[in-house]
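**Student:** coordinates only, sequence not included:
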């Protein structure tokens, strides 16, 4: 087995379980994806575990495929989970500087962040992430890296994310039964953002729209910080359902039609164009209007982006993101969706691409953006990528003391 650090990730989706293994390259500290697999998802609906036994079986099958590719067992992994039940709050933590000379240490930063965890939430929720946004030293705000500075009082503003305890515990139980130790749990949309946007985009202001099968997740960034999270109950499966109803065909045939001829831009299609449904199998021999199918999909895309715009309005960033929106997830592959987003959201829009060193072609598919993002997240916040920009690892699932201390030590001279 290679001595280079390896990272494994598991993305638990409603239609598929995806597993990716990455490895740090010695030459330039970059991450290379060495294996990736997927398996149809059973026992999962809308990102929530509905059957422990079925979900465990699906995870085990995906792990087995990936282990065969990388040639070694996967014993530890970071897990991506759905954000449909997440609660997001802004919090502040304050602490006095411990050293007599007033120099701020990593332990001072840790105490301030821990103080920010105290947020009133329902008793059935558990802390998932505590994301530092900025620090204030003796009234001087907007500080990103306070370590080594001098002061008497340190404040931090954080984004605190809680998730249903039952959801976290059910995911943990499935992974454990599949033989995997969880190193960390990460909200899927945050991982996807890591894969499809650059730090410059997140500094300028960008919205990541992850279109899954049954839901769409939105994350808005500005000045490098997460400022809003949202979940919309519309996904790629709804486009398929609309075709099935509009053409009076089965879901399976509707999915084939969507993949083969789908577009949300009816203006690009002649009203005389027709599709012979017999090319997809013996179920139907009808000929249907291609333009009619595009109009069906256009109506659903308009609804989707109308709901996305409501999320941007909540964040007070509707039409005000210089880096626009990045579309990702399996649903984003529908032709014309980026153009529709530009028109409906009045923002620059593009299909977010996963750019990572790999010989595994499927990794570049938008469906793998979350799984790849989890690898990048793990490498970055475990201190393996040598940048010195201060960033406390987002608190996930367990305690933070050892993780923060270990990471901050990598920042010191």
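**Tutor:** Received it, and whenever you're ready, just let me know what you need. Quantities reported herein were computed from a predicted structural model and do not represent experimental measurements.

**Student:** next, give phi and psi for the residue nearest to residue 314 when sequence neighbours are not counted.
**Tutor:** If the residues on either side of it in the chain are set aside, residue 314 comes closest to residue 228, at 6.4 Å by C-beta to C-beta, 6 or more residues apart in numbering. Backbone N, C-alpha and C define where each C-beta goes, glycine included. For residue 228, the backbone dihedrals (degrees, to the nearest 10) come out as phi -160, psi 140.

**Student:** quick one, what contacts the closest residue to residue 346 other than its chain neighbours?
**Tutor:** Leaving out its chain neighbours, the residue that sits closest to residue 346 by C-beta to C-beta, 6+ apart is residue 319, at 4.8 Å. Applying C-beta atoms under 8 Å, 6 or more residues apart in numbering to residue 319 gives the contacts 312, 345, 346, 347.

**Student:** Throw those residues into TSV and include distance to residue 374, neighbour count and secondary structure, thanks.
**Tutor:** Formatted as TSV, these follow (distance: C-beta to C-beta, whole Å; neighbours: other C-beta atoms under 10 Å; DSSP: H, G, I helix; E, B strand; the rest coil):
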residue	distance to residue 374	neighbour count	secondary structure
312	25	23	helix
345	27	21	helix
346	32	13	coil
347	27	23	coil
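
**Student:** and those residues as TSV, adding pLDDT and distance to residue 79?
**Tutor:** Compiled in TSV, the contacts of residue 319 are given as follows (pLDDT from 0 to 100; distance: C-beta to C-beta, whole Å):
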residue	pLDDT	distance to residue 79
312	97	29
345	97	31
346	97	36
347	97	32
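
**Student:** make JSON lines from the residues you listed and add distance to residue 103 to it.
**Tutor:** Listed next are the contacts of residue 319 as JSON lines, based on distance: C-beta to C-beta, whole Å:
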{"residue": "312", "distance to residue 103": "41"}
{"residue": "345", "distance to residue 103": "46"}
{"residue": "346", "distance to residue 103": "48"}
{"residue": "347", "distance to residue 103": "44"}
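
**Student:** and the host helix or strand of residue 380, what does it pack against?
**Tutor:** Using DSSP states H and E, residue 380 maps to helix 369-381. In terms of contacts (3 or more C-beta pairs under 8 Å, 6 or more residues apart in numbering; DSSP states H and E), helix 369-381 is packed against strand 6-12, strand 16-24, strand 31-40, strand 76-81, strand 181-187, helix 188-196.

**Student:** can you show me the strands along the stretch 201-350 of the chain?
**Tutor:** Using DSSP state E, counting those that start in this stretch, the strands found in the stretch 201-350 of the chain span residues 206-211, 216-222, 225-232, 274-276, 287-289, 325-328, 349-351.

**Student:** quick one, which of these is nearest to residue 266?
**Tutor:** Relative to residue 266, the nearest member of these by C-beta to C-beta is strand 287-289, separated by 9.8 Å.

**Student:** what is that closest one packed up against?
**Tutor:** Using 3+ C-beta pairs under 8 Å, 6+ apart, strand 287-289 sits against strand 274-276.

**Student:** separation between the nearest residue to residue 222 once chain neighbours are set aside and residue 129?
**Tutor:** With C-beta to C-beta, 6+ apart as the criterion, residue 222 has its nearest non-adjacent residue at 4.3 Å, and that residue is residue 205. Distance of residue 205 to residue 129, given as C-beta to C-beta, to the nearest Å: 21 Å.

**Student:** neighbour count: the two, which is higher?
**Tutor:** residue 129 (23 against 20; other C-beta atoms under 10 Å).

**Student:** immediately after the host helix or strand of that one, which helix or strand?
**Tutor:** Element membership of residue 129, judged by DSSP H and E, is strand 125-137. Scanning forward in sequence from strand 125-137 by DSSP H and E, the next helix or strand is strand 140-143.

**Student:** chain center to that following strand: distance?
**Tutor:** 29 Å (C-alpha atoms, centre = their mean, to the nearest Å).

**Student:** buried sites along the following helix or strand past it?
**Tutor:** Using DSSP H and E, the next helix or strand after strand 140-143 towards the C-terminus is strand 153-164. If you call a residue buried by 16 or more other C-beta atoms under 10 Å, then strand 153-164 has these buried ones: 154, 155, 156, 157, 158, 159, 160, 161, 162, 163, 164.

**Student:** which residues touch the residue lying closest to the second one once chain neighbours are set aside?
**Tutor:** Using C-beta to C-beta, 6+ apart and skipping residues adjacent in sequence, the residue nearest residue 155 is residue 136, 4.1 Å away. Contact analysis of residue 136 by C-beta under 8 Å, 6+ apart lists 142, 143, 154, 155, 156, 157.
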